Every structure is written in structure tokens, then in C-alpha cells.
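>>> Give the three-dimensional model of this entry:
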Amino acid sequence: RTRVASPAMSSAAVKSTGGTPGKDKKAAGKDKKRGDKQDPLHDPVRAIAYHLRGSKGPESRNARLDDYLRIDYFRGKDLFRLLRKHPGLLDEYAPSITGKPTPANPGIKERDVQITEIGERLMRDGYFVRIDRVYEEPRPGRTRRVKFPKFMKTLPRQMQKFTDDGEGFYGWRYDRPMSWTAILLSCLAAFAIVLMCLFPLAPIWMKKMVLYTCLSILGLFFVVFVVRTVVFAVVWLLTGRHFWILPNITSDEIPIDEVFSPMWEFDDLDASGNVVGRIGAVKRLGLAGALAAVLVGLYKIAPENTKAINIHKAHDSILDLFDLNDVPKGITGSVGKVDPQDPAHIAKMDRMRREGAGAAAGAAGGAAAGGEPNVTADGANVTATNATEPPVEPSYAKPPEPDKPIEEMTEEEREAWEAALAIHKVAEELRKKKEAEEAARIAAGGEPVVQRIKPASEFVRVVPPRREEPPRDPPPPETPHPDDAETKAEL
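This next block holds a predicted model:
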């Protein structure tokens, strides 16, 4: 749009420059720049558009316009309803936009005339255009059209008119300037993304808090959906009606603040309020019986009875899955996790066990002799509380546990279980024999030998299939090094 300078501004410019043509152009350019900067304050059309485009304007949604453009749009009735509730906006902007003063005691008709003229002025200046929904019929399975469709189309030029009854949709072509709040939120979003990238370095308690929060939200959604399904099935079986609790919880066409409104609703009513799609009682009972028969059949042909879920084991499995055990973390992952079969770890645990048993025996001997308790090199008193406790057996010394009770095992599973016990027994005998030899050698004054204790599964020898290797080229002849003593003698 081109701006026309007011006569007062032009005369002021001429007077300030002394009537010189070159100076008149410079003054006019300065006045034009000054007017552009103050345009939202002095232009009533842009001022009211700025107000309506914000969060206090009519309810708006985002849709795809003509299959290639994303646009925000609103309904005309929402604009009428908003301006009727805020007559102060009409008293402030309507006289300057329409050129007519506001009546002393305006009624609804006078207000509607002002709103219509404001809408026509906004359309004429290109702030929004008239659009309409692409699909006129409701979606399959629905009896009513959606309130805010997601696919819109632009109406022809001859239909670009703001209606005085508030019907139709209007798409915004005007965007508000970015505010400092939006800039701050953008910076916070970028900072949040950086924190997400650094999440592997977060402490364990923070990771667990995030995990428990996500699991709680998922559990809440699961409970809500199960309750909705059960209530719908019971009401449909008894009455044949479609009754939903939180009907908008799965809809992607409404904002988050309208998910819980309404709390319940019958979804089988047409536009006139009549019930449609009701099924007879005999058919409902037949469908319920068929579904129950299918469930019973699936239960009968199940391969085996599953064991009850252990909450503690499930919790530990989830922590192991996400690597959330209480160990320190580094950039590359866990730094405090040890391998139970590591030779250094096994030697360290055996040495600590022997030192604890020797210290406890010494303390018990000193207490029995009536003397002072033994004192270690660093000055710490050794108590005799562990003198009577049996030695701690390692985890691999215990026999493997069956997956199910022995009475419920099949013949093949029982044979496999007995074979596993036999292998474990042989492995335990070898382990105890090696421990006895190691103890005797240490008693004779030798140093402990770090040896990896193999699990029972490694005692079963698996012969790999023989594979024929392709013929290789003969190795090259060895070339004597010139610095070798024999080579020097020969030379």
C-alpha cells in the first residue's frame, strides 16, 4: 500500500526547509520513515489487527490452504462474539475506521454494523481473506462435521466479502512482529535442546526421575484408555449407545486446553439430536458372546501357564535396560561397572575374603586370651563379629535355578535340567580342588595366582565344524640383516 502524506505534514516540511525542492524531498523522506515506525500506533486498522491477531483475539487454528500453504484462520462468529464482549475496542477504533461516530447508547444492531464495517475494512486492506472447508461431508464414522477443519481452500474473488451474520472462515495474511517474550522462549528452547544433548552426563537420580515421570504418564494414559474402553463396552452392550469418557482425548484437531471438555459425551447423535447407528439387543449379545468365546479359546490353547510378574525383577530389568544402576558415568558410558568373570576382580574379592577371615580369627583369638583386640597397621580395631559367620560363597557357586516348578516340566525339560545340574556339580568339584591347591600353596609361602574361574558352560567342549582353508602362497625367503654377526662374518 502506498501512503499519502497529510497536508499538514507537507506544509510543515515545506516550512522547515524553506521551500527548496531538494530539501522538501529529504524532509518528506524523514517524515515517511517516522510515520512507518509509528504506524501500529497511529493506524487504527493495523492497531486493531495487531490486537485481534494476538492471544486475546478470536479462537484460531492452523490448516493447509490450497494444498501448499499453512495458514491460521478463525470463524466469523467468533470475531462477532469477541467484539460484542469488548465494546471498548469498538469505541476506540470504530469511529476512526468507519468514519462514523459511535451512538450514545448503541444496541446490538449498531454494534453488529460496526463489526461488519471493521471486517470489510480489514479484508479490503489484505489482513485476512475468505476461505472455506474442502470436505463438506463429515468424515466416515462421524455424524457431524468438525469445528475446525484441517484442509481449507480460497474462495473466488466475487465471494471475498465479510458477511454480516458471522458465517464462514477467514484466513490471516498478517503476522504480528516478534515480541521479546517469543525471543526469550526461543532461547529457552535452544537451551533445553542443549540440555537434552547432555542428558547422558546427567546424574543417576535425574535420569531415574525422568524415567519414573515418563512411566507414570504412560501408566496414566493406559489406565484412562482401559477405563474408557470398558465403560464404552458396558454402555453399548446394555443400551446400544456410543458413550465416551473424555471424547476429545484422542483428537488432534483441538488445543490442549479443550481435551477435558466435555468430560463425557454420546457420540451417536446427528445434527438434529437424533440417535443414529443403534444395533439391536440380539446382535449385541451375539457379538459379546462371540468375543467371549474367542478369548476363552485363546486362553485354552495357550502353550503354557505364565508366571506372575515380579515387580522387583521388572524394576531391576528396566534399570539394566537403560543402564541406570548406581555407578559413576563418563562421556563414553559406565566407568564403574565390573565384569564378575574378570580375573583381577576375582583375585581382589578372594584377597578381601581371606583378609577378612584372618582378621576375624585373630580378633577372636585375642578376645579368648583376654587380651586387647588386634589392631591393623592403619590403627583400626578389628572386631570379632564376623568370626562365627560362614564364608561367603560366590554367586557362581550356587546351582542354577529352574525357570518353572519341576512338577510342571516336560520330560525333555527335566533331562536338560538334570544335565545342567551334572555339569554344575563337575565344575564345582574342579573349583574346590583348585581353591584347595591354591590355599595349600599360599600356606607354604607362595604368592597367589590370579586365575579366571570359568563358568560351567565353558567346561562343555563344542567342536567347531572343520573348514577347509584355501591354499596359501609359500612364505618369502628370509633375507639376512646386514648388521647380524654371522652375516658380517660371511661378508
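
>>> CA only for contacts and neighbour counts going forward, please
Noted.

>>> how about the nearest residue to residue 151, chain neighbours excluded?
Leaving out its chain neighbours, the residue that sits closest to residue 151 by CA to CA, 6 or more residues apart in numbering is residue 64, at 5.0 Å.

>>> In three-state terms, label the one you found for me.
strand (DSSP: H, G, I helix; E, B strand; the rest coil).

>>> now it, which residues is it bridged with?
residue 70, residue 151 (DSSP bridges).

>>> Look at it and say how many residues are nearby.
15 (other CA atoms under 10 Å).

>>> dump the residue contacts of it.
70, 71, 150, 151, 152 (CA atoms under 8 Å, 6 or more residues apart in numbering).

>>> The second one - how many residues pack around it?
Burial of residue 71 is recorded as 16 neighbouring residues (other CA under 10 Å).

>>> pretty sure it is touching residue 63, no?
Yes - contact criterion CA atoms under 8 Å: residue 71 and residue 63 qualify, at 5.7 Å.

>>> Show me which helix or strand of the chain is least confident by mean pLDDT.
The helix or strand of the chain with the poorest confidence is helix 7-17; it has a mean of 37 (mean pLDDT, DSSP states H and E).

>>> how far away is residue 100 from residue 188?
47 Å (CA to CA, to the nearest Å).

>>> again, but for residue 467
62 Å.

>>> So what touches the one helix or strand residue 265 maps to?
According to DSSP states H and E, residue 265 maps onto strand 264-266. By CA under 8 Å, 6+ apart, the list of residues contacting strand 264-266 from outside reads 241, 242, 243, 244, 245, 246, 247.

>>> for the fifth one, what are its contacts?
In other words, residue 245. Per CA under 8 Å, 6+ apart, neighbours of residue 245: 228, 231, 263, 264, 265.

>>> ok, of those, which come out buried?
Among the contacts of residue 245, those classed as buried by 16 or more other CA atoms under 10 Å are 228, 231.

>>> Tabulate the contacts of residue 245 (TSV), appending distance to residue 284.
Shown next, in TSV, are those (distance: CA to CA, whole Å):
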residue	distance to residue 284
228	19
231	15
263	26
264	22
265	21
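
>>> In terms of pLDDT, where does residue 95 sit?
Looking at residue 95, its pLDDT stands at 90.

>>> buried ones in the helix or strand where it lies?
Under the criterion of DSSP H and E, residue 95 resides in helix 87-98. By 16+ other CA under 10 Å, the buried positions in helix 87-98 come out as 90, 93, 94, 97, 98.

>>> How about stretch 178-191?
Buried, per 16+ other CA under 10 Å, within stretch 178-191: nothing.

>>> and if you look at stretch 97-110?
For stretch 97-110, by 16+ other CA under 10 Å, it's 97, 98, 102.

>>> Next, the residues that contact the helix holding residue 95 from outside, please.
44-45, 48, 83, 100-102, 111, 114-115, 117-118, 121.

>>> Out of these, which end up buried?
44, 45, 48, 83, 102, 111, 114, 115, 117, 118, 121.

>>> Now intersect those with the helices, please.
If you go by DSSP state H, these have 44, 45, 48, 83, 111, 114, 115, 117, 118, 121 in helices.
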